[in-house]
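Participant: sequence? don't have it. structure:
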């Protein structure tokens with residue numbers, strides 16, 4: 001198995017300049033395997049969200065390489081990097097990022113229109129059904145619980161059948177039961193579907209679902225340990 005399915009090599013990212021410069025990531029090298037859920041922890045300002053943005057090719061590092069499916073994304077032109085991201089990486093966020101005026105079905109189906117494509121409502125129905133939301137597909141976000149909205153967001157992230165799923169604090173605004181449900185779903189997408197799933201979270205419940213836990217502090221990796229997820 002390639003070590004560059006999803007990886008960063010000697011990556012550094014800084015914000016600001018001079019006295020105000022902050023080193024968000026400092027010479028970080030990591031690789032992530034398909035079929036495993038990796039948890040990234042650390043205090044606020046440790047570089048977790050920056051690392052996730054770099055892994056998702058949303059932020060170019062100042063130095064180092066980012067490998068996505070054995071391709072060096074840092075060497076690509078912007079259009080090629082965007083195409084790679086859309087076809088191989090799904091994103092799940094804390095704030096759901098659903099359109100309030102659209103139904104669950106339309107929120108998921110509209111992903112196909114990004115980049116000039118066509119909304120695939122049949123596939124959207126399938127994704128919602130897989131997440132137990134078939135009866136909720138006509139509801140708008142205001143009519144759903146937090147856990148249901150997050151499952152809609154996950155269905156949207158899965159529309160392109162991505163090999164990689166990146167989640168930034170996906171359970172931060174959910175109750176305990178909904179949080180455990182989301183943990184189990186993302187673990188399933190790793191173990192059963194063979195995806196590389198990377199989760200940034202302060203939620204300690206993720207530890208029981210993670211195959212590997214990484215701890216960042218001041219932009220550096222301070223701990224790398226196997227979890228209990230398998």
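Facilitator: Looks like it came in fine. In this text the structure is predicted, and so the values were computed from the model without any measurement.
Participant: make it CA atoms for all contacts and neighbour counts henceforth
Facilitator: OK.
Participant: For this structure, give the helix that spans the most residues.
Facilitator: For the chain, the longest helix by residue count, based on DSSP state H, is helix 176-191.
Participant: residues in contact with that helix?
Facilitator: Helix 176-191 has contacts (Cα atoms under 8 Å, 6 or more residues apart in numbering) with 34-37, 146-147, 150-151, 170-171, 195-197, 205-206, 209-210, 229.
Participant: And that helix, what's buried?
Facilitator: 178-180, 182-191 (16 or more other Cα atoms under 10 Å).
Participant: now the residues you listed in a markdown table, with pLDDT and distance to residue 98?
Facilitator: Formatted as a markdown table, the buried residues of helix 176-191 follow (pLDDT from 0 to 100; distance: Cα to Cα, whole Å):
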| residue | pLDDT | distance to residue 98 |
| --- | --- | --- |
| 178 | 95 | 18 |
| 179 | 96 | 18 |
| 180 | 96 | 21 |
| 182 | 96 | 17 |
| 183 | 97 | 20 |
| 184 | 97 | 22 |
| 185 | 96 | 19 |
| 186 | 97 | 19 |
| 187 | 97 | 23 |
| 188 | 96 | 23 |
| 189 | 96 | 21 |
| 190 | 98 | 24 |
| 191 | 97 | 27 |
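Participant: Would you format the residues you listed as a markdown table with distance to residue 15 included?
Facilitator: Formatted as a markdown table, the buried residues of helix 176-191 follow (distance: Cα to Cα, whole Å):
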| residue | distance to residue 15 |
| --- | --- |
| 178 | 35 |
| 179 | 32 |
| 180 | 35 |
| 182 | 32 |
| 183 | 32 |
| 184 | 35 |
| 185 | 34 |
| 186 | 31 |
| 187 | 33 |
| 188 | 36 |
| 189 | 34 |
| 190 | 32 |
| 191 | 36 |
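Participant: Check which helix or strand the residue positioned nearest the centre of the chain maps to.
Facilitator: When Cα atoms, centre = their mean is applied to the chain, the residue found nearest the centroid is residue 166 (1.2 Å). Under the criterion of DSSP states H and E, residue 166 resides in strand 164-168.
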